[in-house]
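[1] need the 3D shape of this:
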Amino acid sequence: MAHVNAWTNLHNAAADGDAPAAAQLLLTGVPVNAADEQGTTALHIATHSGHTVVVQVLLAAHAAVIAAYLEGFTALHEAAFKRHTAVLLLLLGAQAAVNAASTRGNTARTSPLAAPMQ
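    Below you'll find the predicted structure:
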């Protein structure tokens with residue numbers, strides 16, 4: 001995982017929900033899995049905000065769905081916590097690990113803050 005000191009322009013595009021900008025940045029060689037000092041990737045950011053099309057762009061570019069930040073939280077944790085069903089389904093389709101546990105032992109299924117998962 002490539003770490004940088006601050007968010008990249010890809011992180012900014014993910015935060016803004018700007019899928020065309022994210023796609024263009026990836027075409028110019030910005031690493032899809034670039035992470036800041038906390039391990040946060042553009043996929044984490046897009047997932048947190050529910051930017052479904054940006055998530056699709058990042059997954060198509062092989063974003064690491066298993067990448068974890070802070071206390072071991074993955075994009076799937078974010079999708080469950082924020083109740084972004086469409087994003088959650090995309091991540092599951094990309095083989096996100098449903099049982100990946102944070103450092104506190106919470107999974108996307110068991111986090112006390114997560115929406116109930118069927």
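[2] not counting stretch 30-49 itself, show me its contacts.
    1-11, 13-15, 17, 22, 26, 54-55, 58-59, 61-65, 67-70, 73-76, 78-79, 82, 84, 87, 91 (Cβ atoms under 8 Å, 6 or more residues apart in numbering). Placement of C-beta: from N, CA and C, glycine included.
[3] tell me which residues in it are buried?
    30-36, 39-49 (16 or more other Cβ atoms under 10 Å).
[4] same deal with stretch 63-76?
    63, 64, 65, 67, 68, 69, 73, 74, 75, 76.
[5] mean confidence for stretch 22-31?
    Here stretch 22-31 scores 96 as its mean pLDDT.
[6] so how far is that stretch from its chain's centroid?
    Chain-centre distance of stretch 22-31: 16 Å, with Cα atoms, centre = their mean, to the nearest Å.
[7] strands along the chain, start to end?
    Using DSSP state E, no strands are assigned anywhere in the chain.
[8] check which helices and strands the lowest-mean-pLDDT helix or strand in it sits against.
    Taking mean pLDDT, DSSP states H and E as the measure, the chain has helix 75-82 as its least confident helix or strand, at a mean of 90. Helix 75-82 makes packing contacts with helix 42-49, helix 85-93 when contacts are defined by 3 or more Cβ pairs under 8 Å, 6 or more residues apart in numbering; DSSP states H and E.
[9] who are the packing partners of the last one?
    Contact partners of helix 85-93 among helices and strands, from 3+ Cβ pairs under 8 Å, 6+ apart: helix 42-49, helix 52-60, helix 75-82.
[10] how many neighbours does the nearest residue to residue 71 once chain neighbours are set aside have?
    Excluding the flanking residues, the one nearest residue 71 by Cβ to Cβ, 6 or more residues apart in numbering is residue 103, at 4.4 Å. Applying other Cβ atoms under 10 Å, we find 10 other residues in the vicinity of residue 103.
[11] nothing else from me, thank you.
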